[in-house]
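**Student:** Sharing a sequence plus its predicted fold:
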Amino acid sequence: MSVRVGEAAQAPDFPSAAKPILANTQIRHNVRRATEVIRAKRAKVVSELPEWEQLRESAYQIKQHTLRHLASYLEQFESACVRAGGQVHWARDADEANEIVVRIIQTHQESEVIKVKTMTSDEIGLNRALETAGITPYETDLADLVIQLAHDQPSHIVVPALHRNKMEIRRIFLKEMHLAELGEQPEDLTEAARKYLREKFLRVKIAISGANFMVAKTGSVCVVESEGNGRMCLTLPRVLITLAGIEKVIPRFEDLEVFLQLLPRSATGERMNPYNSIWTGVRPGDGPQEFHVILLDNGRTDVLQDAEARDTLNCIRCGACLNTCPVYRQTGGHAYGSIYAGPIGAILTPQLQRMQHSQSLPYASSLCGACYDVCPVKINIPEILVHLRSKVVEQGDAPLSERLAMKAAAFAFADEHRLAAAQKLARIGQWPVERNGVIRNLPGFLGGWTAVRDLPAIPKESFREWWIKRELKRQ
Amino acid sequence: MKSVLISLFIGCYNDTLFPETGKAVVEVLERLGHRVEFRLEQTCCGQMHYNTGYHRAAFPLMERFLDIFRDSEVICVPSSSCVAMMRDHYPKMAAASKDPRLQRDVREILPRVFEFSELLVDKLNVLDVGACFPHAVALHPSCHSLRSLRVGERPVQLLRHVRELKLVDLPEAEQCCGFGGTFAIKNADVSAAMLSEKVRNVLDSGAEVCTSLDNSCLMHIGGALSRLRAGIRCMHLAEILACTEESR
């Protein structure tokens, strides 16, 4: 079974990938600005709801309950969806899901599809699979369209082109849409995209969507969005294919009440999404006349089996953790080498990839806890990060220098005499690097610290030495 | 108020690198009429090992802490990250061990563990410790004190009662300084980028002194201020509270 998380499975580790981005003033400026705007909007609309914490707790409980009974809710969804005229497919991994999508499109002898924003399709590398099969996908979400036209990678779960600013987008549109001229205002850019996309909406016969929620009891699927382009994809084409991770199921229609309050406020700082599309199967003469749902595992049941990391599957992809994360703020999304960036990406990617190529991600956090504070489904991301770190260590994959340092520290901390001896030893050992109580240059892996920071030298007397002397004097 | 016997858990890096903080804690508590004891067997709470993923190595350090402080009435820890380690992770570590005795020990000790500002405000019911510190001070609310311990206004209240102290606003105060333990080593560049924002805010605040409940953050922020020769000192809250009109 091959598990892929986007196209960048062979990405460099996080510290190396971050390096060039930290030097890119344009990306850093764009990311900082965009996340600050969304953060402020979120804070405002969240403060309007005095019952916010209860909503979070409800969402957490619903997710916990659903994940405990996931198999039966998925089967319930399947039969309800089929009853309503839908067709349900089960995909174990990315390749299986891609094959199913390609097969459906080929059955209809079509060579084009329009897409509603779907992270899951990016996760399985669907666009590449389609292109390989001679099928052209058109992204219709404005930001996804920018990414597609620019041959770029998304850098944010909700706002995939967040690292691009207005002027960059204008240049991309001019070139890729073959426009002779284009204004500089956001209205000009959206107008250009509108013209470009309308023609696709009216011509292309098959659409692919993701799902924000799937209701087990009714077999309904829910997609929320801001532009209405999703609504076009969901209603105009003859065939609709929905690709959804198995964790997207919720038990009842009423549960949407909780999630549709939490999601827009957390994601874009809106009280409600401008477009909330909920559909159930097929209705003759109204909307797509053929409807497929592909339920994707791609590593999710493995996550489910790890009791300490299971909450990862609570995620509703709001991106609030990215917007609040001080690490993401510096690096943007591309440093994470996965379509899932930021704190949630740092726990999701290594689990879906079973730690391959992504062992550096659990360490891409200062464990500041800001993500846990804003998470609408109460995923304790710092705790899961630490759990994943322990897996890296248990597998013996931590760097040798770190393992030795930790071993030495554990030895010293095992008893107070060893600690006192180690303190004395370090005080003597620091002479080559210590000047006037300050250390300005450390060798090896510690050099990262002294590259931009001083380190206080170990003082002449430890606290315990001071205390022992004081007690002697007192007696 | 009746004199309380307070057992000090200093933490490995305060013991080694910041003895002045420990001395200041002793000074403040004794000035308030309480007694302080320091159990020499203590070493480390296990946080560094645990957070870096070395859970097996952290486990005996938890056991050691529980043994040493088993009969302490009140345990003062002048480091919110050590307290966060105990409150957030000890219960889980004990549960994972499936040892009911250990689980009980953790359950019984945690209510007696106080971070320094919690101890003063909640246990000893004091806001004015008789301190005087004629400087402009910015408070960096460390992540663990802010989001794990939720100490809230406690350090601010204590600072407001210090004579001649001018508390200045730190812009974007709640943003992490980028220390994160081994994060500063393993992701030194990203950590430095986070630090540069914090330093800019400290400089903008107009503070002469930057304070916090955690010397780990202060070592990080202070490391950059020192490198830049910014002329701003970092001091643990206890060291400010230890200053009096006589000592200046």
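**Tutor:** Structure's in. What do you need? Numbering: from 1, shown residues only, chains lettered A, B, ... in the order given.

**Student:** A:Thr344 and A:Val377 touch, don't they?
**Tutor:** Actually, residue A:344 is Ile rather than Thr. No. Under the criterion of C-beta atoms under 8 Å, A:Ile344 makes no contact with A:Val377, lying 10.3 Å away. (C-beta placed from N, C-alpha, C; glycine too.)

**Student:** Now list whatever residues contact both of the two.
**Tutor:** Counting by C-beta atoms under 8 Å, 6 or more residues apart in numbering or on different chains, the residues touching both A:Ile344 and A:Val377 are A:Cys315.

**Student:** list the contacts for A:Gly342?
**Tutor:** When the contact criterion is C-beta under 8 Å, 6+ apart, the partners of A:Gly342 are A:156-157, A:319, A:321-322, A:325, A:327-328, A:333, A:336, A:371.

**Student:** let's see 6 Å
**Tutor:** A:321-322, A:325, A:328 (C-beta atoms under 6 Å, 6 or more residues apart in numbering or on different chains).

**Student:** From these, pick the one nearest A:Lys407.
**Tutor:** Nearest to A:Lys407 among those: A:Cys325, at 31.4 Å, using C-beta to C-beta.

**Student:** And that closest one, its phi and psi?
**Tutor:** Note on A:Cys325: backbone dihedrals following degrees, to the nearest 10 are phi -80, psi 120.

**Student:** and it, how many neighbours?
**Tutor:** 27 (other C-beta atoms under 10 Å in any protein chain shown).

**Student:** tell me the contacts of it?
**Tutor:** Shown in contact with A:Cys325 (C-beta under 6 Å, 6+ apart): A:342-343, A:371.

**Student:** The same query, at a cut-off of 8 Å, please.
**Tutor:** Contact analysis of A:Cys325 by C-beta under 8 Å, 6+ apart lists A:342-343, A:365, A:370-371.

**Student:** now B:Leu241
**Tutor:** Remark: with contacts taken as C-beta under 8 Å, 6+ apart, B:Leu241 is in contact with B:24, B:28, B:120, B:129, B:131, B:158, B:162.

**Student:** Repeat that for A:Ile344.
**Tutor:** Contacts of A:Ile344 (C-beta under 8 Å, 6+ apart): A:157, A:312, A:315, A:317, A:321-322, A:371, A:379, A:381.

**Student:** Check which helix or strand it maps to.
**Tutor:** For A:Ile344, the enclosing helix or strand under DSSP states H and E is helix A:342-352.

**Student:** Could you check how far that helix is from the centre of its chain?
**Tutor:** Relative to the mean C-alpha coordinate of its chain, helix A:342-352 is positioned 7 Å out (C-alpha atoms, centre = their mean, to the nearest Å).

**Student:** which residue packs closest to A:Arg453, ignoring adjacent ones?
**Tutor:** With sequence-adjacent residues excluded and distances taken as C-beta to C-beta, 6 or more residues apart in numbering or on different chains, A:Arg453 is closest to B:Gly223, at 3.2 Å.

**Student:** pLDDT-wise, which helix or strand of chain B ranks last?
**Tutor:** Among the helical and strand segments of chain B, the one scoring lowest on mean pLDDT, DSSP states H and E is helix B:183-186, with a mean of 94.

**Student:** can you list the residues that contact that helix?
**Tutor:** The set of residues external to helix B:183-186 that reach it, using C-beta under 8 Å, 6+ apart, is A:15, A:363, A:365-367, A:402, A:445-446, A:448-449, B:178, B:191, B:220.

**Student:** for these, which one is nearest A:Gly245?
**Tutor:** A:Ser365 (23.1 Å).

**Student:** Shouldn't the closest one be within a helix?
**Tutor:** No. With DSSP: H, G, I helix; E, B strand; the rest coil as the criterion, A:Ser365 is coil rather than part of a helix.

**Student:** quick check: longest helix of chain A.
**Tutor:** As assigned by DSSP state H, the longest helix anywhere in chain A is helix A:25-47.

**Student:** How about the helix or strand just after that one and chain B, touching?
**Tutor:** Past helix A:25-47, further along toward the C-terminus, the next helix or strand under DSSP H and E is helix A:52-68. No. Figure legend: helix A:52-68 not in contact with chain B (C-beta under 8 Å from any C-beta of the partner chain); closest approach 13.1 Å.

**Student:** just to revisit the earlier point, just among the contacts of B:Leu241, which is most surrounded?
**Tutor:** Using other C-beta under 10 Å as the neighbour criterion, B:Val28 leads the contacts of B:Leu241 with 29 neighbours.

**Student:** that older thread, in JSON lines: the contacts of A:Ile344, plus distance to A:Gln395.
**Tutor:** Compiled in JSON lines, the contacts of A:Ile344 are given as follows (distance: C-beta to C-beta, whole Å):
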{"residue": "A:Ile157", "distance to A:Gln395": "28"}
{"residue": "A:Thr312", "distance to A:Gln395": "19"}
{"residue": "A:Cys315", "distance to A:Gln395": "24"}
{"residue": "A:Arg317", "distance to A:Gln395": "29"}
{"residue": "A:Cys321", "distance to A:Gln395": "26"}
{"residue": "A:Leu322", "distance to A:Gln395": "28"}
{"residue": "A:Cys371", "distance to A:Gln395": "25"}
{"residue": "A:Ile379", "distance to A:Gln395": "23"}
{"residue": "A:Ile381", "distance to A:Gln395": "21"}
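
**Student:** Closest to B:Val168 out of the residues you listed?
**Tutor:** A:Cys371 (28.6 Å).

**Student:** For the strand or helix carrying that closest one, the averaged confidence score.
**Tutor:** Here A:Cys371 sits within helix A:370-374, counting by DSSP H and E. Mean pLDDT, helix A:370-374: 98.

**Student:** so how far is the next helix or strand after it off the chain centroid?
**Tutor:** Following the chain from helix A:370-374 toward its C-terminal end, the next helix or strand by DSSP H and E is helix A:381-394. Using C-alpha atoms, centre = their mean, we find the averaged C-alpha position of helix A:381-394 to lie 17 Å away from the chain's own average C-alpha position.

**Student:** okay, the angle between helix A:381-394 and helix A:342-352?
**Tutor:** Relative orientation of helix A:381-394 with respect to helix A:342-352: 40 degrees, computed using axes from the mean of the first three to the mean of the last three C-alpha atoms, to 10 degrees.

**Student:** any chance you could map the strands in the stretch 51-200 of chain A?
**Tutor:** Under the criterion DSSP state E, counting those that start in this stretch, the stretch 51-200 of chain A carries strands at the ranges A:87-91, A:112-115, A:136-139.

**Student:** Of all the ones you listed, which one is nearest A:Gln261?
**Tutor:** The minimum distance between A:Gln261 and these falls on strand A:112-115, with 27.2 Å, by C-beta to C-beta.
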